[in-house]
Each structure stands twice: as C-alpha cells, then as structure tokens.
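In: I need the structure of the sequence given here:
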Amino acid sequence: MSSDIDFHIKAVQFDEEYCPSENTRITTNFANLARGDSRRENLRNALRMIDNRFNALAHWDNPKGDRYSVALEIISVEMNIGAGGNSDAFPLIEILKTTVVDHKTNERIDGIVGNNFSSYVRDYDFSVLLPEHNKNRPEFSTPLNFGDLHGNLFKCFLNSNAYKENFSKPPVICLSASSSKTYHRTDNHHPVLGVEYKQSEFSSTDAYFGKMGLQVRFFMPPNSVAPLAFYFLGDLLDDYTNLELISTISTMETFQKIYRPEIYNANSAAGACYQPNLKHQDYSLTRIVYDREERSRLAIEQGKFAEEHFIKPYRTILERWSANHAR
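Out: You can find the predicted model right below:
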C-alpha cells in the first residue's frame, strides 16, 4: 500500500509580503499573523523580534547584534492516495524551515525544518474525535489507537523520497510546555538551549508526538522566562549546530510570546518548580494583534474538514494502511 501514498512538498517565503493562499491552514501561527488590517505590521514586528532574539543568542563575533537574520519558508505537505494525481491531493501538514543569513560572510546557512507543526489530522483527532469520545464519559480517556494513523502518516513522510530530497536532517518541532504539568529545573545546562527542565509526567501531546516517533526534552534558553518543549529524533544536543538550534529558539519563542504571553512574555522567570498558567496576570503584551479564541474555533472547523474530505472517504484504506505500517 505504501506505493499508493505519495507526498508533494510546496514552499513559500514567510516575509512581510506573505499572504495565505486559500488552501493554507488558517490556524497556523504564520497565517494568523498575516490576516486583518494589521497584517503587514504584524509580520514586520514578528520578523524583527525573531532577528533580534537570534542575534542576542548568537552574540559571539557579533558586537553590534546585527550580524544575522532568519529567513523562513512555509513547507506545505500534500498527500495523494492512489494514482489520482494532484487533483486528489490532501493538505496533510505544514511546517517551517529556517535559513540563517550571515551578513558578515554573505552566507545562507541551512537551519532546522519543523519548528511550528500544523496538521489537519491532528485537528481532527483533538478537536473532533476526542471531544466526541468523551462527551458522556465521567472520566477523560482517549479512544483506542488514538494518534496511530497520524503518527504513521508522519513517519511515512519522513521516510519518503520527498523528505529526503529536500531536507538533510530530521525535524525538530518546538511547542509550548503543557499548562497541566509541573516542571522541575535540573542541573543540566546547554550554552544555547539553556537549563533543562524535567516534567512530572507525560502530557497527551507528548504521547501523541511519541506516536510520530518523536521524543521530548524541555529547555529554558538564556534570558527566557519559561521552558519550551522540543520534539525530535536522534540526539537534540549533538545532531544540530548552535546556529541551527538558535534559529528554532528565536522563531518559536517569538510565536509563543505572541500567542501565549501569559507564559512566554511573563515579567518573572520560571523557578525551580514551575507550572505554566494561561491565567497568569503579570505579563506584557507584544505589539502584534492576535485572536486566540478565533484560532480555537478554526481548529474545530478544520478538524471537521479533515473528517469530511479525508477520514470518512478513505477510512477503510487508511485503517488498513496504518495497521500494515505500525512500528
């Protein structure tokens, strides 16, 4: 069955001229910024924040703090089932690729692919399937084989020619720490990633990404106020250069400051024992317009889109394929 699934990659620059296409997932961080009357100012301010944070972390041989900038590409992954051609393509996931621009040497240095992670099937799992499953249950639970299909599709994409021809290293996805878990600071410290935190227990997101073949570690970079969750394959500390890691930190910390300022733009840093709290009041807002409630509503709409156009029409094929490709 694997020969009947093909992946196609499209890339578009994420800059202050970016305008989402009609088939872009509008719940993604980047699409949210590029909508409304403030779109150009939003994009310009966010990109400036990313560059400033990058230079603050990459401070060696950078006396004026302006040596580097980060170029971003939105990577859209479409999937075909069978031999139907591109007309049958389903928009599976969207991720970001960073490129580091060194203005001193005029080099463009590959960054990391992944960073943000946006998926129609994940929207379906968390915004449609999971609430339906728990509608009349006294205690929260997950459906049998929850996340298996999504995880197998993601692993199949990483093993595909499309991925290998475009990217030289496995992805790193950087998300917010879970607001339902407690994190404890350790003595482990990395010069770029910062101090490592350990969590009290795995979250549902950790388990879901585990089915994608990804493990998680939590680090609070220098001069940050809360740990970030890094999902990766292999060895996070040894497989990537400092500049690669900084490109991810600067990009995703900027997004988190915009979308979760209560945690990532708080006015005091996480202590030795830390639990993120979206009701925290002592924080600062960025100058970037964002509607969090709209984003939650759109996640449900796009989960239903995935159900109608992907899950229901191909359910039998997908279940058989996923069972055959379980790892």
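In: how about the helices in the stretch 1-150 of the chain?
Out: With helices called from DSSP state H, counting those that start in this stretch, the stretch 1-150 of the chain shows them at 29-33, 39-57, 120-124, 130-133, 148-158.
In: weakest of those helices in terms of mean pLDDT?
Out: Lowest mean pLDDT of the helices of the stretch 1-150 of the chain: helix 29-33, a mean of 61.
In: rewinding a little: so which of the helices of the stretch 1-150 of the chain comes closest to Ser284?
Out: helix 39-57 (12.6 Å; C-beta to C-beta). To be clear about C-beta, it is placed using only N, CA and C from the backbone, and glycine gets the same treatment.
In: quick one: contacts of the closest one?
Out: 15-16, 18-19, 33-34, 36, 62, 65-70, 72, 100, 192, 221-223, 246-247, 249-251, 253-255, 257-258, 286-290 (C-beta atoms under 8 Å, 6 or more residues apart in numbering).
In: beta partners of the closest residue to Leu96 other than its chain neighbours?
Out: In space, Leu96 comes closest to Asn115 once its chain neighbours are excluded; the distance is 4.1 Å by C-beta to C-beta, 6 or more residues apart in numbering. According to DSSP bridges, the partner residues bridging Asn115 are Ile173.
In: and Asn115, what does it touch?
Out: Asn115 neighbours (C-beta under 8 Å, 6+ apart): 95-98, 172-174, 248, 251-252.
In: how far away is the spatially closest residue to Ser141 that is not a sequence neighbour from Phe126?
Out: Nearest residue to Ser141, sequence neighbours excluded (C-beta to C-beta, 6+ apart): Asn134, at 6.7 Å. Plainly put, Asn134 is 11 Å away from Phe126 if you go by C-beta to C-beta, to the nearest Å.
In: more neighbours, those two?
Out: More crowded of Asn134 and Phe126, by other C-beta atoms under 10 Å: Phe126, with 20 against 14.
In: what's the neighbour count on the residue nearest to Phe310 when sequence neighbours are not counted?
Out: The shortest distance from Phe310 to any non-neighbouring residue, by C-beta to C-beta, 6+ apart, is to Phe90 (5.0 Å). Using other C-beta under 10 Å, Phe90 has 17 neighbouring residues.
In: test my guess that Phe90 contacts Ser76.
Out: No - look at Phe90 against Ser76 with C-beta atoms under 8 Å: they stay out of range, at 11.3 Å.
In: number of residues surrounding Asp15?
Out: 13.
In: hmm, Ile74 and it touching each other?
Out: No - Asp15 lies out of contact with Ile74 (C-beta under 8 Å); the separation is 10.4 Å.
In: any regions of the stretch 1-150 of the chain where pLDDT drops low?
Out: 1-3, 21-37, 82-88 (pLDDT under 70).
In: run through who's touching stretch 259-274.
Out: By C-beta under 8 Å, 6+ apart, stretch 259-274 touches 29, 176-177, 179, 182-185, 197, 220, 224-227, 253, 256-257, 276-286, 290, 292, 295.
In: off-centre distance for that stretch?
Out: Centre-to-centre, stretch 259-274 and its host chain are 19 Å apart (C-alpha atoms, centre = their mean, to the nearest Å).
In: got the buried residues for that stretch?
Out: 259-266, 270, 274 (16 or more other C-beta atoms under 10 Å).
In: could I have that stretch exported to PDB, CA atoms only?
Out: Extracted as PDB, the C-alpha positions of stretch 259-274 are listed here (Å, rounded to 0.1, in the frame of the first residue of the first chain):
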ATOM      1  CA  TYR A 259       0.200  33.600  21.300                       C
ATOM      2  CA  ARG A 260       0.900  32.700  24.900                       C
ATOM      3  CA  PRO A 261       2.200  35.900  26.500                       C
ATOM      4  CA  GLU A 262       0.900  34.800  30.000                       C
ATOM      5  CA  ILE A 263       3.700  32.100  29.900                       C
ATOM      6  CA  TYR A 264       6.400  33.300  27.500                       C
ATOM      7  CA  ASN A 265       6.200  37.000  28.000                       C
ATOM      8  CA  ALA A 266       5.700  36.900  31.700                       C
ATOM      9  CA  ASN A 267       7.500  39.500  33.800                       C
ATOM     10  CA  SER A 268       9.200  36.900  36.000                       C
ATOM     11  CA  ALA A 269      11.100  33.800  35.000                       C
ATOM     12  CA  ALA A 270      10.200  30.200  35.900                       C
ATOM     13  CA  GLY A 271      11.600  29.000  39.200                       C
ATOM     14  CA  ALA A 272      13.000  25.600  40.200                       C
ATOM     15  CA  CYS A 273       9.500  24.100  40.300                       C
ATOM     16  CA  TYR A 274       7.200  25.600  37.600                       C
END
